[in-house]
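Student: prediction below, plus the sequence it came from.
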Number of protein chains: 2
Amino acid sequence: MPELRRDPILGRWIIIATERSKRPTDFVIDRVSTREGFCPLCPGHENTTPPEVLSYGRAVPAPNKPGWNLRVVPNKFPALIIEGEIGKEGDGIYDKMNGIGAHEVIVEIPEHDLSFAQLPVERMVQVFWAYRDRIIDLGRDPRFKYVMVFKNYGHAAGASLEHSHSQLVALPILPRMIVSELEGSKRYYGYKERCIFCDIIRQERKQQVRIVADNDDFIAITPFAPRSPFEMWIMPTVHGSSYIDMAEPQFKSLAAIFSDCMRRLDACIQDVPYNFVLHTAPLRENPLEHFHWHFEIMPKLTQIAGFEWGSGFYINPMPPEEAASFLRDAEI
Amino acid sequence: MPELRRDPILGRWIIIATERSKRPTDFVIDRVSTREGFCPLCPGHENTTPPEVLSYGRAVPAPNKPGWNLRVVPNKFPALIIEGEIGKEGDGIYDKMNGIGAHEVIVEIPEHDLSFAQLPVERMVQVFWAYRDRIIDLGRDPRFKYVMVFKNYGHAAGASLEHSHSQLVALPILPRMIVSELEGSKRYYGYKERCIFCDIIRQERKQQVRIVADNDDFIAITPFAPRSPFEMWIMPTVHGSSYIDMAEPQFKSLAAIFSDCMRRLDACIQDVPYNFVLHTAPLRENPLEHFHWHFEIMPKLTQIAGFEWGSGFYINPMPPEEAASFLRDAEI
């Protein structure tokens, strides 16, 4: 059974996922393996994944058979497991709990050789729709407090499979990233009675130096204090704290701006590894005035990311104003 | 002039270091370059670095000539620059200041082909002594609040030079990592009136499952909630908040346990890239009852570190109890 453990000094929770690896040498193998050849996410190989929990696109229901456009399956090597009780427990000054949660893989497309950046907008819409469907479904389980949706693209960004996919982890605790954002934005709201993200959007529109793209419902910017070159945030322009409250027409706008940004990034640094993470309100939370859901896209340029990872202290050689300019000027 | 910028939501400061890189293609080149061949840190090449600020080992003074055992030089591509005023400034909701600071390289040894893990203990002592000398010297500059000492080893951990070296950055602000630790440990002290790190040492000695090594003055453990497999913390067993207050005989103990840990790590995963970071009290701070200086060593196993870097949420496939057991059993 995996375990959730809390750092007693920082309050940061981490997952000890024992099913994933065992011996020191496993890490060595992991590092060099390219994992080419057989793809468990390709059509025809449905029986090599755990049974699907969602699929789109089949004309007639035929679970775990080909014919799908998008498919969500439990991760075969989950960081958390779905069955069991939370079981919080102290161990002297330490705190831990059972690693209860869900860990799912969103297989975004049947085609093996198409990347997320290359997806037509209407197909990308389905991916964002699947995130919503899964968050709503998992939000019915009272054990879970948060669903973290993310994508690893490229080996250096942690992807172990080439086939285009994203992941989600349903958690019985709030991750530190979201706790910090909730606290920070609440502090600002207490002082100003305005959402800090709405204020950021206002200032960015006025200054016009960090905007990458803009449409009716969304804005994409390079943030003022980015951790990495070409970091981008995509935010709804109308205030909303939860991704799942987004209205249907907005999904197309989101996919349009996301596709635009990913193609611009790819045009600047071809095939750059990246991570993106959805930042949204905790599950079953009432609408929050101070918090604003958004996506953060972090290109992974490993040489400059080593030390920062360990220290939380970032050195970024690319001013976001220049990054935005390169991204805007990119030919796509 | 580089710039320090504050994320308005999280309060995290980052450095925009414009001298370091310019165009998107620079990142691509950076990623593939192995930088072999000429080594600017080798003896005989002293004129290719900025003039040294400290050296050990020359029989007669001969700055910037061969004959040294250890040498500290300003970074040729500094993230921060030493001359100028702090110049804090608002920009709407954003905060920034001039990128004033020091960025230095500790060239640990003259030999190009020796790694830190391979250093004899008495030579490692010099490295730790140099950290102290530089922190004391930079601490005299009232513009600086913190000196962050760290080492990147291996390409994946951010090292761009092979020759064994560490770095330091003197900062006009406190990095978030240290702010969070100061806050967390102060909260615990307010509740218990005991140092949380001292309590951790007490519990680890009692439980005997996460100790990697132990000597008269130091203990090395795999922390209860580690971010990465084989993460290790090295802590003085007698309470102290500042590295520079360490007494001379302790330097040998520190080098002995550090060398022991690095050789054990290397025996488990040969030549694994890693970062280590010194965590110590802010400059010119009175001794703190609640904070305890220490080193954190983070092996960099890239495939599992991609997403975590972007989200602050860590999945670790190796329980620290098992890691400690592998490290203890390693043949060194």
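Tutor: Right, received. Where do you want to start?
Student: quick one: residues contacting A:Glu111.
Tutor: A:Ser164 (C-beta atoms under 8 Å, 6 or more residues apart in numbering or on different chains). Every residue, glycine included, has its C-beta placed from N, CA and C.
Student: if we go to 10 Å?
Tutor: For A:Glu111, the contact set (C-beta atoms under 10 Å, 6 or more residues apart in numbering or on different chains) comprises A:Cys42, A:Pro43, A:Gln118, A:Leu119, A:Arg123, A:His163, A:Ser164.
Student: in chain A, which spans are helices?
Tutor: A:24-32, A:121-138, A:176-192, A:196-207, A:248-268, A:306-311, A:320-329 (DSSP state H).
Student: winner for burial among the ones you listed?
Tutor: helix A:306-311 (a mean of 24; mean count of other C-beta atoms under 10 Å in any protein chain shown).
Student: mind showing which ranges of chain A have poor pLDDT?
Tutor: Within chain A, the stretches with pLDDT under 70 are A:19-22, A:27-36, A:302-306, A:309-310.
Student: list the contacts of the closest residue to A:Glu308 other than its chain neighbours.
Tutor: Nearest non-adjacent residue to A:Glu308, counting by C-beta to C-beta, 6 or more residues apart in numbering or on different chains: A:Tyr314, 4.6 Å away. By C-beta under 10 Å, 6+ apart, the residues touching A:Tyr314 are A:225-228, A:231, A:304-305, A:307-308, B:5, B:7, B:12-16, B:175-176.
Student: could you redo the last one with a cut-off of 8 Å?
Tutor: Counting by C-beta under 8 Å, 6+ apart, A:Tyr314 has contacts A:Arg227, A:Ser228, A:Glu308, B:Arg12, B:Ile14, B:Ile15.
Student: for the first one, which non-adjacent residue is spatially closest?
Tutor: Here the nearest residue to A:Arg227 in space, its sequence neighbours aside, is A:Tyr314; by C-beta to C-beta, 6+ apart that works out to 4.3 Å.
Student: for B:Gly37, see how far away that neighbour is.
Tutor: 30 Å (C-beta to C-beta, to the nearest Å).
Student: now do A:Asn215
Tutor: In this view, A:Asn215 and B:Gly37 are 49 Å apart by C-beta to C-beta.
Student: neighbours around the closest residue to A:Ile136 other than its chain neighbours, how many?
Tutor: Distances taken as C-beta to C-beta, 6+ apart put A:Ile244 closest to A:Ile136, at 5.6 Å, once the chain neighbours are dropped. Per other C-beta atoms under 10 Å in any protein chain shown, the neighbour tally for A:Ile244 reads 17.
Student: gap between A:Ile244 and A:Leu254?
Tutor: The gap separating A:Ile244 from A:Leu254 is 13 Å, by C-beta to C-beta.
Student: got the helices of chain A as JSON lines, with distance to B:Ile221 columns?
Tutor: Listed next are these as JSON lines, based on distance: least, C-beta to C-beta, whole Å:
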{"stretch": "helix A:24-32", "distance to B:Ile221": "18"}
{"stretch": "helix A:121-138", "distance to B:Ile221": "36"}
{"stretch": "helix A:176-192", "distance to B:Ile221": "22"}
{"stretch": "helix A:196-207", "distance to B:Ile221": "39"}
{"stretch": "helix A:248-268", "distance to B:Ile221": "41"}
{"stretch": "helix A:306-311", "distance to B:Ile221": "17"}
{"stretch": "helix A:320-329", "distance to B:Ile221": "39"}
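Student: quick one: closest of these to A:Lys300.
Tutor: For the helices of chain A, proximity to A:Lys300 was assessed by C-beta to C-beta; helix A:306-311 is nearest, at 10.3 Å.
Student: got the residues of the stretch 151-300 of chain A near chain B?
Tutor: A:152, A:155-160, A:175-177, A:180-181, A:184-185, A:188, A:196-197, A:199-200, A:203, A:206-207, A:223-227, A:229-230, A:268-270, A:272-273, A:275-277, A:296, A:298, A:300 (C-beta under 8 Å from any C-beta of the partner chain).
Student: of all the helices of chain A, which lies closest to A:Glu89?
Tutor: Nearest to A:Glu89 among the helices of chain A is helix A:176-192 (20.1 Å), distances taken as C-beta to C-beta.
Student: contacts for that closest one?
Tutor: Contacts of helix A:176-192 (C-beta under 8 Å, 6+ apart): A:10-13, A:146, A:174, A:194-197, A:199, A:277, A:279, A:282, A:288-292, B:8-11, B:311-313.
Student: among the residues you listed, name the ones in strands.
Tutor: A:Trp13, A:Tyr146, A:Val277, A:His279 (DSSP state E).
Student: what's the closest of the residues you listed to B:Ile135?
Tutor: Nearest member of the ones in strands among the contacts of helix A:176-192 to B:Ile135, counting by C-beta to C-beta, is A:Trp13, at 32.3 Å.
Student: the closest one: how many residues sit nearby?
Tutor: The number of residues packed near A:Trp13 is 22, by other C-beta under 10 Å.
Student: list the contacts for it?
Tutor: For A:Trp13, the contact set (C-beta under 8 Å, 6+ apart) comprises A:Leu4, A:Arg5, A:Arg6, A:Asp7, A:Ile173, A:Pro175, A:Arg176, B:Ala225, B:Phe313.
Student: you'd agree the second one is up against A:Asn98?
Tutor: No - counting by C-beta atoms under 8 Å, A:Arg5 stays clear of A:Asn98, with 11.0 Å between them.
Student: those two: which has the busier surroundings?
Tutor: Taking neighbours as other C-beta under 10 Å, A:Arg5 and A:Asn98 compare with A:Arg5 leading, 25 against 20.
Student: please name the nearest non-neighbouring residue to the more buried one.
Tutor: Nearest to A:Arg5 is B:Ala225, by C-beta to C-beta, 6+ apart, at 4.0 Å.
Student: so A:Glu321 makes contact with A:Pro223?
Tutor: No - using C-beta under 8 Å, A:Glu321 makes no contact with A:Pro223, being 11.1 Å away.
Student: what's the overlap in contacts for those two?
Tutor: Common contact partners of A:Glu321 and A:Pro223 (C-beta under 8 Å, 6+ apart): A:Arg210.
Student: in the stretch 51-200 of chain A, which residue sits closest to chain B?
Tutor: Residue nearest to chain B within the stretch 51-200 of chain A: A:Gly158 (2.6 Å; C-beta to the nearest C-beta).
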